[in-house]
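**Q** Any chance you can model this:
(one chain, ligands or ions: 1)
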Amino acid sequence: MGRHHSFSHALARLSIRWRLALILFGLLVLLLGALSILVSATEEQTLLASQANVLTNEAQLVQTQLQPSKVRLSQAQILTFPEIAKEMSTGMASAIQTTLGQSVGVSLLSFTGNALTTDSGQGTGSDALPAHRVILSQSTVQQWLSARSTPAYLLANDSYGQRTLVILLPIAAWDKTVQQLDNSNVAVDTSGYRKALLQLSMPTTAIDQAVSTTRLILLLGVLAALLIAATLTLPLINLALRPLVEMERVSARIAAGSLSLRLVEPLARDEIGRLASTFNQMVARLEAAFVRQKRFVADVSHELRTPLTGLGGSLEMLLLGADNGDVETSYRLKSGMYSEVERMQRLVVDLLALTRLDDGHLQLRRESLDLHALLCELCEQMQELTSGQVLTCQVAPDLPTFYGDSDQLRRILVNIIENALKFTPAGGRIELDVSSEGAKCIRLEIRDTGSGISPQALPHVFERFYRADPSRSRQPSQIGGSGLGLSIAKELVEAHQGTIAIASQLGVGTTVTMRLPAHAKQTDSPDHWPRE
Ligand code: ADP
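**A** Below you'll find the predicted structure:
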């Protein structure tokens, strides 16, 4: 366990390429090793089996030639069985060795495993090599006899310690009618048949040599394969990992602050390709967020600077006594200061609203609203802000019930109507028109006959701090004009699951159209709008 842990720790500390190389190489060693062992073992088995086959065939052939079962043995002959056996064995041995060579050992065994004859193979002269002798233990013979499916061959060591292939063959025996005698020298089988086993043995030298040659070839082959693998693995892995390395390099630079950099996305849409593309999307969003944040800070400081400058200037004049004790001048300065403070307050309120919307902290109530009453009241309040423009309000009588936040709806409409008032000269018209579009949609339209918005500016009016004509709206006499009104309106409308659009033509006028969903409030629907 501990060992396994330290191994995986050591592996984890390596770089990916070395980990991959090690794993691949280890697998290759294992597989090639297993394959070599399998091949050489199979070869050995096949060679041994075919050798055993040759021996068995020969033994059977010889046995039929010398079939002793045809001879009816007398009791005396049975008692002298060893002699007969020896005779038989010698006959068989010479016949077999003539065909298969001197290295084949031939002997006869009793069924109990006793050797009936002990001679075999090679040479007879005193200068000849002593014969190979393979003595199987009685238990081996018994096991062989009692095995359900007798194996084709046995392996044993001969008197020289040389591995030898042994086959045993029951040879058909004496007449069944012969009385069984329990003579200590003679193996007795109650069946009366198959009194003896013919044992042929042959050293496996040739087979062993063939197998070791194969093993050597396999070993050299495996070593060569591993050498090739070792030289190719790392370069190939490096090639496959090149996009990753490149990504690592670029992402380090991105992390250091170069947010405009992007990873090169590999053509293949594999894991690395998808990773690169996701990473790029993430960086793009980060970059956009940073740009927005920078612009936001710059815009806010800019917005604060104007009223602060105004305030500072007026205060300085008052301190220096520029009003000369004149009540009117003093009032003008103070009211200027007051409107600058108001402007800052509005900016702070707007910023707070936007921040809450961004954070998802602004909770919109979801109550049934009497749109008719709300809009008429609002219109009346807004009349006080008009300076020569005609403000009318038309609300269809059969509006479906709208569930929403009255404060926020008021804020949306105030922002839009204030814009209309700001950009519509005296004598112009501003119309608020509310009607239903089907049973599920309420349409609010604010039309003015003001200066309109240029086609270049129109797509941007919902952006934060965007002003189509900054010089105009920065005039201290004008209230608000921080470029936040429409963006707040849009976010609030969308929080009500509605839509807002603006159409405008320079010199003709502007129309803002909102569509709000008017679905009936279900009994179980929440009192607040869900936040995304
Ligand atoms: P602000 O608070 O400065 O009015 P808004 O977000 O409400 O900012 O509007 C953005 C810009 O869109 C304004 O500065 C103005 O140039 C233009 N705009 C909005 N409404 C109208 C309108 N009814 N007529 C002409 N221009 C408009």
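**Q** So which bits of this protein are right by the ligand?
**A** Contacts of the chain with the ligand, taken as Cβ under 6 Å from any ligand atom, map to 415, 419-420, 423, 448, 450-453, 461, 466-469, 473, 480-487, 510. C-betas here are computed from N, CA, C, even on glycine.
**Q** And the residues you listed, which of them are buried?
**A** Neighbour counting by 16 or more other Cβ atoms under 10 Å classes 415, 419-420, 423, 448, 450-453, 461, 466-468, 473, 480-487, 510 among the residues of the chain next to the ligand as buried.
**Q** taking these one by one, which sit in strands?
**A** Mapping these onto strands (DSSP state E) picks out 448, 510.
**Q** Now do the residue of the stretch 1-150 of the chain found nearest the ligand: how many residues are near it, please.
**A** Distance from the ligand to each residue of the stretch 1-150 of the chain (Cβ to the nearest ligand atom) is smallest for residue 16, at 51.5 Å. Residues near residue 16, counting by other Cβ atoms under 10 Å, number 11.
**Q** helix/strand/coil for residue 170?
**A** strand (DSSP: H, G, I helix; E, B strand; the rest coil).
**Q** That one touches residue 197, doesn't it?
**A** Yes. Under the criterion of Cβ atoms under 8 Å, residue 170 is in contact with residue 197, at a separation of 5.7 Å.
**Q** I'd like to know which elements the strand or helix carrying residue 50 is packed against.
**A** Secondary structure assignment for residue 50, by DSSP states H and E: helix 16-65. Under the contact definition 3 or more Cβ pairs under 8 Å, 6 or more residues apart in numbering; DSSP states H and E, helix 16-65 sits against helix 2-13, helix 81-100, strand 163-171, strand 196-203, helix 205-255.
**Q** Need the winner for burial among those.
**A** For these, the stretch with the most neighbours on average is strand 196-203, a mean of 25; neighbours defined as mean count of other Cβ atoms under 10 Å.
**Q** partners of it, with directions?
**A** Here strand 196-203 has these sheet partners by DSSP bridges: strand 105-110 (antiparallel), strand 163-171 (antiparallel).
**Q** out of these, nearest to residue 35?
**A** strand 163-171 (24.7 Å; Cβ to Cβ).
**Q** and the closest one with helix 205-255, angle?
**A** 130 degrees (axes from the mean of the first three to the mean of the last three Cα atoms, to 10 degrees).
**Q** Dump the strands paired with strand 196-203 into JSON lines; add mean pLDDT and distance to residue 341 as well.
**A** Output for the strands paired with strand 196-203, formatted as JSON lines (pLDDT from 0 to 100; distance: least, Cβ to Cβ, whole Å):
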{"stretch": "strand 105-110", "mean pLDDT": "78", "distance to residue 341": "122"}
{"stretch": "strand 163-171", "mean pLDDT": "84", "distance to residue 341": "110"}
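**Q** Quick one: low-confidence residue ranges for the stretch 401-532 of the chain.
**A** Residues of the stretch 401-532 of the chain that meet the criterion pLDDT under 70 lie in 469-480, 519-532.
**Q** where do the helices sit along it?
**A** For the stretch 401-532 of the chain, the helices defined by DSSP state H, counting those that start in this stretch cover 406-423, 470-473, 485-495.
**Q** Show me how far the helix holding residue 50 is from its chain's centre.
**A** Between the centre of helix 16-65 and the centre of its chain there are 39 Å (Cα atoms, centre = their mean, to the nearest Å).
**Q** Mind checking the pLDDT average for it?
**A** Taken as a whole, helix 16-65 has an average pLDDT of 89.
**Q** How about residue 496, nearest residue that isn't a chain neighbour?
**A** In this structure, residue 496 finds its nearest non-sequential neighbour in residue 404, 5.3 Å apart by Cβ to Cβ, 6 or more residues apart in numbering.
**Q** Specify the beta-bridge partners of that neighbour.
**A** Counting by DSSP bridges, the residues bridging with residue 404 are residue 367.
**Q** ok, it touching residue 366?
**A** Yes. Under the contact definition of Cβ under 8 Å, residue 404 touches residue 366, with a separation of 6.5 Å.
**Q** Settle it for me: which of those two has more neighbours?
**A** For residue 404 versus residue 366, neighbours defined as other Cβ under 10 Å are more numerous around residue 404 (26 against 17).
**Q** Tell me the spacing between the residue of the stretch 1-150 of the chain closest to the ligand and residue 464.
**A** Separation of residue 16 from residue 464 (Cβ to Cβ, to the nearest Å): 44 Å.
**Q** Then residue 495?
**A** Counting by Cβ to Cβ, the separation of residue 495 from residue 464 is 16 Å.
**Q** One more: residue 352?
**A** Residue 352 is 14 Å from residue 464, where distance means Cβ to Cβ.
**Q** Check residue 134 too.
**A** When distance is defined by Cβ to Cβ, residue 134 is 101 Å away from residue 464.
**Q** of these two, who's got more company?
**A** When neighbours are counted by other Cβ under 10 Å, residue 134 and residue 464 differ, and residue 134 comes out ahead with 23 against 19.
**Q** Does that one touch residue 103 like I think?
**A** No. In this structure, residue 134 is not within contact of residue 103 by Cβ under 8 Å, at 11.8 Å.
**Q** In contact with residue 62, which residues?
**A** Contact criterion Cβ atoms under 8 Å, 6 or more residues apart in numbering gives 92, 95, 96 as the residues in contact with residue 62.
**Q** Throw these into TSV and include pLDDT, thanks.
**A** Formatted as TSV, the entries for the contacts of residue 62 read as follows, by pLDDT from 0 to 100:
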residue	pLDDT
92	74
95	80
96	81
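**Q** Can you tell me the closest non-neighbouring residue to the residue of the stretch 1-150 of the chain closest to the ligand?
**A** residue 241 (6.6 Å).
**Q** if I look at the residue nearest to residue 496, how far off is residue 397?
**A** In this structure, residue 404 and residue 397 are 19 Å apart, going by Cβ to Cβ.
**Q** now residue 439
**A** 15 Å.
**Q** just residue 288 next, same as before
**A** As judged by Cβ to Cβ, residue 288 and residue 397 stand 46 Å apart.
**Q** Just want to know which of these two has more residues nearby.
**A** Using other Cβ under 10 Å, the more surrounded residue of residue 288 and residue 397 is residue 288, with 11 against 7.
**Q** could you give the angle of the helix or strand in which that one is found to helix 205-255?
**A** Residue 288 is part of helix 271-319, with elements assigned from DSSP H and E. For helix 271-319 against helix 205-255, the angle by the same axes, to 10 degrees is 20 degrees.
**Q** Before we move on, what's the pLDDT of the spatially most central residue of the chain?
**A** Nearest to the mean C-alpha position of the chain, counting by Cα atoms, centre = their mean, stands residue 271 at 8.1 Å. Residue 271 is assigned a predicted lDDT (pLDDT) of 84.
**Q** Ok, the one 5 residues further on next?
**A** At residue 276, the pLDDT value in this model is 88.
**Q** Could you tell me how many residues sit around it?
**A** Taking other Cβ under 10 Å as the neighbour definition, residue 276 ends up with a count of 21.
**Q** Let me know whether it touches residue 267 as I believe.
**A** No. Applying Cβ under 8 Å, one finds residue 276 not in contact with residue 267, separated by 10.7 Å.
**Q** Mind listing the shared neighbours of the two?
**A** Both residue 276 and residue 267 lack any common contacting residue under the criterion Cβ under 8 Å, 6+ apart.
**Q** what secondary structure does the closest residue to residue 330 other than its chain neighbours sit in?
**A** When the adjacent residues along the chain are set aside, residue 330 lies closest to residue 323, with 4.1 Å between them (Cβ to Cβ, 6+ apart). Classification of residue 323 by three-state DSSP places it in coil.
**Q** show me the residues around residue 323 that make contact.
**A** Listed by Cβ under 8 Å, 6+ apart, the contact set of residue 323 reads 317, 329, 330, 333.
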